[in-house]
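Student: here are the coordinates; sequence isn't available:
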Ligand code: FES
C-alpha cells in the first residue's frame, strides 16, 4: 500500500529526508531522479541515518561510518572502530558488522513521493 510521504520539493537532488509513515521511521533518498526508502536506524547501533552523508547511492552512517546501498539496503562496509583523539582514523575491522537496511519501494507521482510500506 503506497502512502504519500512528502513532496518532491522537500528533497534536493542527491538529498534525503526522514519521515514517519504508519509508525515506521524511514529515510527517503533521491538519487539520479529516482527515490529510495530505507530504514532510518543504522543496522549497527541505530544512529539516525539522515544525519549521515549520501553520495550517489551510498549512504554513510554519521556515527561509525558504515556504508549502505540505498537501492538494496545492502551493507557495503562495516563500522569503523573509534580512534583515540588526535589519531588517524582506525582501519575497518572485519569483526565489526552491521545488518543490512530494510527498504521499501518508493515512487513519485504528480510531485509527491509515495512509499509502499506493505
Ligand atoms: S551506528 Fe551506524 S555504523 Fe555504528
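Tutor: That came in fine, so what should we check first? Remember, predicted model here, so these are calculated numbers, not experimental data.
Student: If we go by neighbour counts, what in the helix or strand of the chain with the lowest mean pLDDT is buried?
Tutor: Scoring the helices and strands of the chain by mean pLDDT, DSSP states H and E places strand 75-77 at the bottom, with a mean of 94. Under the neighbour-count criterion of 16 or more other C-beta atoms under 10 Å, strand 75-77 has 75, 77 buried. (Glycine included, C-beta is placed from N, CA and C.)
Student: Partner strands of that strand, with direction?
Tutor: Note on strand 75-77: by DSSP bridges, its sheet partners are strand 67-69 (antiparallel).
Student: Show residues contacting the strand it pairs with.
Tutor: Outside strand 67-69, the residues that touch it by C-beta atoms under 8 Å, 6 or more residues apart in numbering are 38, 43, 49, 57-61, 74-77, 98, 100-101.
Student: cutoff 6 Å now
Tutor: 57-60, 75-77, 101 (C-beta atoms under 6 Å, 6 or more residues apart in numbering).
Student: That one vs the ligand: in contact?
Tutor: No: figure legend: strand 67-69 not in contact with the ligand (C-beta under 6 Å from any ligand atom); closest approach 8.7 Å.
Student: average pLDDT for the host helix or strand of residue 17?
Tutor: Residue 17 belongs to strand 16-21 when assigned by DSSP states H and E. Throughout strand 16-21, pLDDT has a mean value of 98.
Student: Flag every buried residue along that strand.
Tutor: Going by neighbour count (16+ other C-beta under 10 Å), the buried part of strand 16-21 is 16-17, 19, 21.
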